[in-house]
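*Asks:* Structure here, sequence nowhere to be found:
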């Protein structure tokens, strides 16, 4: 399998930019919630970025809603300015982090795809990162999002794309394919990149992602481990057999990296060991029967995801 083309691996900072998130096993990875100070998570983020650099990872993803992820990344880049030219840095706007660095916050993030939100968050991203990101995405677009219809907002995004930033969108929910196709088919579409959830449980966006890839878009896979669920040993013996002795997380990432339309697969690692296993994950091709054994209905997958507690 080592000679198969493989999507590049990137490091996503969602899990280490804020004290609470929905990832399975978070307490095991990060330890006592009382120890998740801003300083402690910045140190962890910088250690992961150092490890990623040493491993040859050159794609890093953040977002305005990932707590202080942009700020942590910007501080790391300020320490290593010579590395910036070799990196592809992505970020996202359209959600604000409102958790106040509290584990027990009633609300951790707030969504708003408005012109006012874009006008506020783009300068915040520039300040936090210290330079413009290479990719800037509307965060978590669903079919009803104004990002697909607001003429003023689309004009702003066209202007940003004209400045040299690759503009795109991330998708969530059971209608990801519909969103990707709608964004691609917009007249004078500003979009040329997509970050979509794709994993062994939720592969439904694949046809639309393939169409986007064929149209020249940059296609980024997020949540390849289903927020940590696929990093645990599967209970189904058929699934264990399908992995052929490969660790569950390496298997899931390997299948994602083997998708012919995927350009980048994000690792949501929060420990160096997780990051190293991701780098070691070789592309794994599975047949249709195996894919069906893993997949669940999109509505069910997204219902379960929406019920995950912030840990």
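*Replies:* Looks like it arrived, so ask away. Keep in mind the model is a prediction, meaning the values are calculated, not measured.

*Asks:* Contact partners for residue 124?
*Replies:* 64, 70 (CB atoms under 8 Å, 6 or more residues apart in numbering). Yep, even glycine has a C-beta here, placed from its N, CA and C like the rest.

*Asks:* Low-confidence bits of the stretch 101-250 of the chain, can you list those?
*Replies:* For the stretch 101-250 of the chain, the stretches with pLDDT under 70 are 233-244.

*Asks:* what's the distance between stretch 249-261 and the middle of its chain?
*Replies:* 15 Å (CA atoms, centre = their mean, to the nearest Å).

*Asks:* Sort out which residues of that stretch are buried, please.
*Replies:* By 16 or more other CB atoms under 10 Å, the buried positions in stretch 249-261 come out as 249-259, 261.

*Asks:* Mind checking which of these land in helices?
*Replies:* In helices, defined here by DSSP state H, the members of those are 249-257.

*Asks:* Which one of the residues you listed is nearest to residue 88?
*Replies:* Among these, residue 257 lies closest to residue 88 (CB to CB), at 16.4 Å.

*Asks:* which ones are touching the closest one?
*Replies:* 6-7, 9, 265, 281-284.

*Asks:* again, only this time at 6 Å
*Replies:* Taking CB atoms under 6 Å, 6 or more residues apart in numbering as the contact definition, residue 257 lies against 6-7, 265, 283.

*Asks:* Tell me which two in these are the farthest apart.
*Replies:* Among the contacts of residue 257, 265 and 283 lie farthest apart (CB to CB), at 10.0 Å.

*Asks:* Which residue ranges of the chain form strands?
*Replies:* Using DSSP state E, the strands of the chain run over residues 8-12, 59-61, 88-93, 95-97, 109-111, 135-141, 166-171, 193-197, 218-222, 264-267.

*Asks:* Can you name the residues bridging to the residue nearest in space to the middle of the chain?
*Replies:* Residue closest to the average C-alpha location in the chain (CA atoms, centre = their mean): residue 222, at 3.8 Å. Counting by DSSP bridges, residue 222 is bridged to residue 197.

*Asks:* neighbour-wise, which of the contacts of residue 257 leads?
*Replies:* Highest neighbour count within the contacts of residue 257: residue 265, with 30 neighbours (other CB atoms under 10 Å).

*Asks:* Do you have the helices of the stretch 151-300 of the chain handy? List them.
*Replies:* Ranges of helices in the stretch 151-300 of the chain, per DSSP state H, counting those that start in this stretch, are 151-162, 176-185, 206-214, 237-243, 248-257, 272-280, 288-294, 298-306.

*Asks:* Quick check: closest non-adjacent residue to residue 165.
*Replies:* residue 136 (5.2 Å; CB to CB, 6 or more residues apart in numbering).
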